[in-house]
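A.B. asks: Need a 3D model of the sequence below.
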Amino acid sequence: MPRIVVFLLLVAACANQSTTLTLAGTIEIREARIAPLAAGRLVRLLTDEGDTVRAGDTVAILEQPGLAELIDQRRAQAQAAASRTAEVAAAVADSVRAAGDLARVRTLRTQGAASEQEFERLESVAAAAAARVETTRAALRESQAARAALAATEAIRDQLTLRAPASGVVLTRFAEPGEALTAGMPVVSIGLVQAPWIRAYVGQEFIAHLKIGQDVRVRVDGYPDTTFAGRVSEIATRAEFTPRAALTERERADLVFGIRIAIDDAGGRLKAGMPVEVDIPLLP
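C.D. replies: Numbers count the residues shown, from 1 in each chain. Below you'll find the predicted structure:
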């Protein structure tokens, strides 16, 4: 091969290397730990490690002794609210009517057209009607409080049914049926395999040529004929030493910046721990 051709090939290779940075990285997935917001006893665990779940699937069910009976009691108390509302309206109407009758008799008494006994009778009726209004209003407030208490108790019951927040794979189960769990104690962890990302490290000499949102291409050994699209989603603001396990003795002394690369929908094909290569076009 003529020397000039070899020289041109070397120049082209150097130019390509200078505009595209290839990094080694590892697939990571986010992990969601599913925990109850209320204490209870685990009665059913519907998933096991390795099971696939979809968003909204029931993962586990807990119970609290006496909770169902408490809900029934408060529901019965709350059901009286509608009738109490009608009672208040009727009591107010009676009180207004009694007050009007008393006012008319008071005027007639001053004119000598009504007896003292009639005035005293209507005065007693008006006082009783006003007292009934206050009693029914107090009962209505108690019914409203019962409805609020019922809603709070039902919310606790709902928190004892744990559902998957997103689609994924069950990674770990932390509890077994029959165990008593406190609020916030995880029952299972779910790997969100539909949203994988890559952890990689960039030498300090290249960091100025990257930006958040920059498009990248991802290559995986298991899919030699496929590249996956991604983008730089995070660039560390602090330098660190290159991780020992990944690079040579000379490279350990170099300062690097950790970056995170978000991958577009890969259809669940990328698994945690997979080694990948990332091609990043360098900016001027």
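A.B. asks: As a check, name the ranges of all helices in the stretch 151-284 of the chain.
C.D. replies: Taking DSSP state H, counting those that start in this stretch as the criterion, the stretch 151-284 of the chain contains helices spanning 249-252.
A.B. asks: Give the residue spans of it that score low on pLDDT.
C.D. replies: 242-254, 265-266 (pLDDT under 70).
A.B. asks: Repeat the analysis, applying 90 as the threshold.
C.D. replies: Within the stretch 151-284 of the chain, the segments meeting pLDDT under 90 span 151-159, 166-169, 191-196, 199, 201-208, 221-227, 236-258, 263-274, 283-284.
A.B. asks: per the record, what domains does the protein have?
C.D. replies: Following automatic domain parsing, one gets these domains for the chain: 21-31+191-281, 33-62+165-188, 68-159.
A.B. asks: Make a markdown table out of these and add mean neighbour count.
C.D. replies: All C-beta atoms are positioned from the backbone trio N, CA, C, and that covers glycine. Shown next, in a markdown table, are the domains of the chain (neighbours: other Cβ atoms under 10 Å):
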| stretch | mean neighbour count |
| --- | --- |
| domain 21-31+191-281 | 15 |
| domain 33-62+165-188 | 16 |
| domain 68-159 | 14 |
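A.B. asks: Surely residue 19 touches residue 281?
C.D. replies: Yes. Using Cβ atoms under 8 Å, residue 19 is in contact with residue 281, at 6.3 Å.
A.B. asks: got the contact list for residue 150?
C.D. replies: Residue 150 sits next to 71, 74-75, 77-78 when contact means Cβ atoms under 8 Å, 6 or more residues apart in numbering.
A.B. asks: Oh, that last question was meant for residue 173, not what I typed.
C.D. replies: Per Cβ under 8 Å, 6+ apart, neighbours of residue 173: 45, 47-49, 187-188.
A.B. asks: How about residue 171?
C.D. replies: Residue 171 neighbours (Cβ under 8 Å, 6+ apart): 31, 49, 188-191.
A.B. asks: I'd like to know how far it sits from residue 196.
C.D. replies: 14 Å (Cβ to Cβ, to the nearest Å).
A.B. asks: same deal with residue 175?
C.D. replies: 27 Å.
A.B. asks: can you tell me which residues contact residue 166?
C.D. replies: By Cβ under 8 Å, 6+ apart, the neighbours of residue 166 are 32, 55, 190, 192, 194-195.
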